[in-house]
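Student: Predicted structure and sequence below. I'll ask about it afterward.
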Amino acid sequence: MLTRSFGVTGVPVSIVGQGTWRMGESRRATARDAEALRLGIELGLTHIDTAEMYGDGGAERVVGEAIRGQRDRVWITTKVWPSHASYTGTLEACEASLRRLGTDHVDIYLLHWPGPHPIAETMRAMAELVRRGHARFVGVSNFDVTQMREAQAALDGILLACNQVPYHFGNRGVEAEVIPWCEARGVAVVGYSPLSGLGGRRSTVARIALRHGRTPRQVALNFLARRAPLFTIPKASDPEHVRENAAALDFTLTPEDILALERDSGE
Ligand code: NAP
């Protein structure tokens, strides 16, 4: 699996990663989900996204199980839930996440959504987590440009490293302002729910997939991660889905394909 520099961090991170929403919701699912993540890691999907909210901590436990003995191979993102994101709440939430993940640090810690606590207060806590070594880098999720500016200003010299946003064929709103702003500043854009909105058999995605002998999902992932600063994090518990997603960058979309896909939903 290909990697690219995760924005200003300079760390090579797998362009296609693994989401974990809906993982770890039951004991039986936990073992299967951890197995799927381990398979993904074997296939190079070493960029893993989770959050304290997913499965009420269950998804972080799945990730902890999957990365046991191979922490150094993976890039771990987790997120603080908005209602916990006071200064003290953020520090405590991160410590609880680290316990569930079975690690002493995450690679990047995000505020899941802008919420009831002032962005500047949460960012002060994020900066403290970096100083303590609990997080290597700081990011946000579901932020618009104004909110990213506010977060960056509060970070006290630490560079905002990513914004995780919805980015799929049913919602490409981030192409207008968020991606250009991030691109100009080396902020990685991590697109979530990439497999939504694919359309039917006659869609542009489906036509291009047929021509390349690939699946529409592979074309979607390839397109959604087509250049820096883009990353994409499909979630798959089914091992066949993991394999399919892991092969999404094994072919090259032509400039004409990219143009057609960009025009398709009006970039
Ligand atoms: P998604 O990745 O677009 O779709 C997941 C669904 O697609 C699952 O039902 C999965 O099935 C299926 N799937 C995966 N690969 C497939 C394949 N190759 N063929 C057919 N079906 C396939 O949606 P998502 O989970 O909403 O988004 C991905 C990740 O983004 C989340 O898991 C989470 O980590 C993150 N996220 C973040 C936010 C945020 O607010 N920051 C919001 C939403 C999501 P199986 O599981 O059965 O394989």
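Tutor: That came in fine, so what should we check first?
Student: Show me how far the helix or strand harbouring residue 147 is from its chain's centre.
Tutor: Residue 147 belongs to helix 145-154 when elements are defined using DSSP states H and E. Averaged C-alpha coordinates place helix 145-154 at 19 Å from its chain's average position (C-alpha atoms, centre = their mean, to the nearest Å).
Student: In its sheet, which strands sit next to the next helix or strand along the chain from it, and in what direction?
Tutor: Next helix or strand after helix 145-154 toward the C-terminus (DSSP H and E): strand 160-166. Here strand 160-166 is paired, per DSSP bridges, with strand 135-141 (parallel), strand 188-192 (parallel).
Student: And the following helix or strand past strand 160-166, what's buried?
Tutor: Sequence order places helix 178-185 as the next helix or strand after strand 160-166, per DSSP H and E. Residues 178, 179, 181, 182, 183 are the ones in helix 178-185 that count as buried (16 or more other C-beta atoms under 10 Å). All C-beta atoms are positioned from the backbone trio N, CA, C, and that covers glycine.
Student: gap between the closest residue to residue 17 other than its chain neighbours and the ligand?
Tutor: Excluding the flanking residues, the one nearest residue 17 by C-beta to C-beta, 6 or more residues apart in numbering is residue 47, at 3.1 Å. Using C-beta to the nearest ligand atom, to the nearest Å, residue 47 is found at 11 Å from the ligand.
Student: Against residue 82, how distant is residue 47?
Tutor: 23 Å (C-beta to C-beta, to the nearest Å).
Student: hmm, stretch 72-85 in reach of the ligand?
Tutor: No. Applying C-beta under 6 Å from any ligand atom, one finds stretch 72-85 out of contact with the ligand, separated by at least 6.6 Å.
Student: Only the buried residues of that stretch, if you could.
Tutor: 74, 75, 76, 77, 78, 79, 80, 81, 82, 84, 85.
Student: Give me the distance between the two termini of it.
Tutor: 28 Å (C-alpha to C-alpha, to the nearest Å).
Student: try stretch 22-30
Tutor: End to end - C-alpha to C-alpha - stretch 22-30 spans 10 Å.
Student: Could you give me the buried positions within that stretch?
Tutor: Quick answer for stretch 22-30 (16+ other C-beta under 10 Å): 23, 24, 25, 29, 30.
Student: The residue of the chain found nearest the ligand: neighbouring residues, count only.
Tutor: Nearest to the ligand in the chain, going by C-beta to the nearest ligand atom, is residue 19, at a distance of 2.3 Å. By other C-beta atoms under 10 Å, 24 other residues sit near residue 19.
Student: Which pLDDT value goes with it?
Tutor: We have a pLDDT of 98 for residue 19.
Student: try residue 1
Tutor: Reading off the model, residue 1 has pLDDT 62.
Student: Same check on residue 148?
Tutor: Per the predicted model, pLDDT is 98 at residue 148.
Student: State the number of residues packed around it.
Tutor: Count around residue 148 with other C-beta under 10 Å applied: 21.
Student: what's the burial count for the nearest residue to the residue of the chain closest to the ligand once chain neighbours are set aside?
Tutor: Distance criterion C-beta to C-beta, 6+ apart; nearest residue to residue 19, sequence neighbours excluded, is residue 235 at 3.3 Å. By other C-beta under 10 Å, 24 other residues sit near residue 235.
Student: residues contacting residue 235?
Tutor: Contact analysis of residue 235 by C-beta atoms under 8 Å, 6 or more residues apart in numbering lists 18, 19, 20, 21, 22, 23.
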